[in-house]
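Asker: heads up, no residue letters with this:
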């Protein structure tokens, strides 16, 4: 039977999609091949969000096409967001590929493979699916896509143009998938979509994230639930309360505010202004919580005073975790033709200054945990040191906890342990395993 290899590019939603596709392929008798040049099929799940990502994705496609020189029987098939957005252009400019799929559900991809139809773009993006089967997990955490598509129409974002309108999965289907993952050893479930506050607005006719979290809380077993991507304009008190009250749900709020200058927010198409954002964060922090945000610098029209206002806000709020990116000029967005474009040099200077400010804030926050005990999910072992994450840290984007242990203490990857923090860095911490069974971790919920 045929062997396949999967390349995951872009965001965690792609990871979730590809784990479902992997499971379906294995169910059909295909075998997963870790060495790409030895596979019969190479599926490349692409990202089409910003210019840098697009360039990297195109380079990756050419890289995997080059493997045909080693194995002429390989079929290289890009799929996903980039191919949905530039389907005809890719067909024309990269004739070396052996197939091309747009944003399709994993089941549709399987159906096309059975018919040996290797080129297909649906009239409407198939950005969600029923999870009939998923590959057995290899990591202690797993991304679960609860919805996809977006109707927010932020001026800088191209996603609605190739993902389509919001589409939510059913609570029952999501719960079934997560139950499978937990039964197979996953200790952290990460809920993802374009905007999790949109969950349920299509099929349940309301913001149904609180209902979903309440149901997921009923799944048996010791595991965390982390909720990502909460649009600040639509983050309600009900959603905040549901994150705070459900014990399996981590008090981790990923809220990409992008900016705080009223002029820039208006141009971006964002609603909540600086004072409202401040109140929102104060409401969240009534209980011990982590607030992560993403900020954009260099949006058209951003002046020095707008950037300084953003810096001052970051210093005042003191985000626990923060990411940033520079404005990318994307076709078919409202911001594409806006005047007063900011130079790349200025964008990069502002981003560097912003992250330098955050670096100092992060060190102060890390220091505040000195001597405290955190529950840590142990995930790696390297050169005598165990590496894990606490509730502070989402995988791949945040920090780690480096764990020292006594010779009499055994740790297992994928288990939770109590760690007393003894040292800190810019974004990471060090700690020692707590041997006293009566020591309780810091109260987080």
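Answerer: Cool, got the structure. This is a predicted model, so every value here is computed, not measured.
Asker: only C-alpha atoms from now on, for both contacts and neighbour counts.
Answerer: Noted.
Asker: can you give me the neighbour number for residue 93?
Answerer: Around residue 93 there are 9 other residues, counting by other Cα atoms under 10 Å.
Asker: distance of it from residue 382?
Answerer: 43 Å (Cα to Cα, to the nearest Å).
Asker: next: residue 171.
Answerer: For residue 171 relative to residue 382 (Cα to Cα), the value is 39 Å.
Asker: between those two, which one's more packed in?
Answerer: residue 171 (18 against 8).
Asker: measure that one to residue 96 for me?
Answerer: When residue 171 is compared with residue 96 (using Cα to Cα), they lie 41 Å apart.
Asker: poorly predicted segments of the protein, please.
Answerer: Residue ranges of the chain with pLDDT under 70: 406-408, 435-445.
Asker: domain ranges for it, per the record?
Answerer: If you go by automatic domain parsing, the domain ranges for the chain are 1-129, 373-433.
Asker: residues touching residue 330, list them.
Answerer: Going by Cα atoms under 8 Å, 6 or more residues apart in numbering, residue 330 touches 50, 51, 156, 157, 158, 336.
Asker: kindly recompute the last result at 10 Å.
Answerer: 48, 49, 50, 51, 155, 156, 157, 158, 336, 337 (Cα atoms under 10 Å, 6 or more residues apart in numbering).
Asker: what does residue 430 give?
Answerer: Neighbouring residues of residue 430 by Cα under 10 Å, 6+ apart: 366, 370, 387-388, 400-404, 419-424.
Asker: what about residue 417, which helix or strand?
Answerer: In this assignment (DSSP states H and E), residue 417 forms part of strand 416-424.
Asker: ok, whichever helix or strand comes after that strand: who's next to it in the sheet?
Answerer: Downstream of strand 416-424, the next assigned helix or strand under DSSP H and E is strand 429-433. With DSSP bridges as the test, strand 429-433 is paired with strand 401-404 (parallel), strand 416-424 (antiparallel).
Asker: so which of these is the most packed in?
Answerer: Among the strands paired with strand 429-433, the stretch with the highest mean neighbour count (mean count of other Cα atoms under 10 Å) is strand 401-404, at a mean of 24.
Asker: mind checking how far that one is from the chain centre?
Answerer: 24 Å (Cα atoms, centre = their mean, to the nearest Å).
Asker: neighbouring contacts of that strand?
Answerer: In this structure, residues lying in contact with strand 401-404 by Cα under 10 Å, 6+ apart are 374, 376-378, 380-382, 384-390, 392-393, 411, 417-424, 427-433.
Asker: what comes up buried for the strand or helix carrying residue 180?
Answerer: Here residue 180 sits within helix 171-183, counting by DSSP H and E. Neighbour-count burial for helix 171-183, with 16 or more other Cα atoms under 10 Å as criterion, is recorded at 171, 174, 175, 176, 177, 178, 179, 180, 181, 182.
Asker: tell me how far the fourth one lies from residue 130.
Answerer: I take that to be residue 176. From residue 176 to residue 130 the distance is 10 Å (Cα to Cα).
Asker: shared neighbours of those two, anything?
Answerer: By Cα under 10 Å, 6+ apart, the residues touching both residue 176 and residue 130 are residue 170.
Asker: quick one: residues contacting residue 148.
Answerer: Here residue 148 is in contact with 13, 125-129, 160, 163-169, 192-196, 198-199 (Cα under 10 Å, 6+ apart).
Asker: same check, this time on residue 97
Answerer: 61, 62, 64, 65, 68, 74, 75, 76, 77, 78, 90, 91.
Asker: repeat that with 6 Å
Answerer: Counting by Cα atoms under 6 Å, 6 or more residues apart in numbering, residue 97 makes contact with residue 76.
Asker: pretty sure residue 325 contacts residue 298?
Answerer: No. Contact criterion Cα atoms under 6 Å: residue 325 and residue 298 do not qualify, at 8.9 Å.
Asker: need the residues that contact stretch 32-52.
Answerer: By Cα under 6 Å, 6+ apart, the surrounding residues in contact with stretch 32-52 are 2-10, 54, 67, 74-82, 328.
Asker: what do you get if the cut-off is 7 Å, keeping everything else the same?
Answerer: 2-10, 14, 53-54, 57, 67, 70-71, 73-82, 85, 158-159, 328, 330 (Cα atoms under 7 Å, 6 or more residues apart in numbering).
Asker: which parts of that stretch are buried?
Answerer: For stretch 32-52, the neighbour count (16+ other Cα under 10 Å) marks 32-33, 36-50 as buried.
Asker: can you map out the helices along the stretch 101-250 of the chain?
Answerer: 106-114, 159-163, 171-183, 209-216, 237-245 (DSSP state H, counting those that start in this stretch).
Asker: turn those into JSON lines, including distance to residue 146.
Answerer: Below are the helices of the stretch 101-250 of the chain laid out as JSON lines (distance: least, Cα to Cα, whole Å):
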{"stretch": "helix 106-114", "distance to residue 146": "15"}
{"stretch": "helix 159-163", "distance to residue 146": "14"}
{"stretch": "helix 171-183", "distance to residue 146": "7"}
{"stretch": "helix 209-216", "distance to residue 146": "9"}
{"stretch": "helix 237-245", "distance to residue 146": "15"}
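Asker: what's the most buried one of those helices?
Answerer: Mean neighbour counts for those (mean count of other Cα under 10 Å) peak at helix 159-163, with a mean of 21.
Asker: which ones are touching the nearest residue to residue 40 once chain neighbours are set aside?
Answerer: Closest residue to residue 40 apart from its sequence neighbours, by Cα to Cα, 6 or more residues apart in numbering: residue 74 at 4.6 Å. The contact partners of residue 74, taken as Cα under 7 Å, 6+ apart, are 39, 40, 41, 68.
Asker: where's the closest residue in space to the last one that isn't next to it in sequence relative to residue 30, distance?
Answerer: In other words, residue 68. Nearest non-adjacent residue to residue 68, counting by Cα to Cα, 6+ apart: residue 74, 5.9 Å away. Distance of residue 74 to residue 30, given as Cα to Cα: 14 Å.
Asker: for residue 147, same thing?
Answerer: With Cα to Cα as the criterion, residue 147 and residue 30 are 27 Å apart.
Asker: the more surrounded of those two?
Answerer: Neighbours per residue, other Cα under 10 Å: of residue 147 and residue 30, the larger number sits with residue 147, 26 against 17.
Asker: thanks a lot, see you next time.
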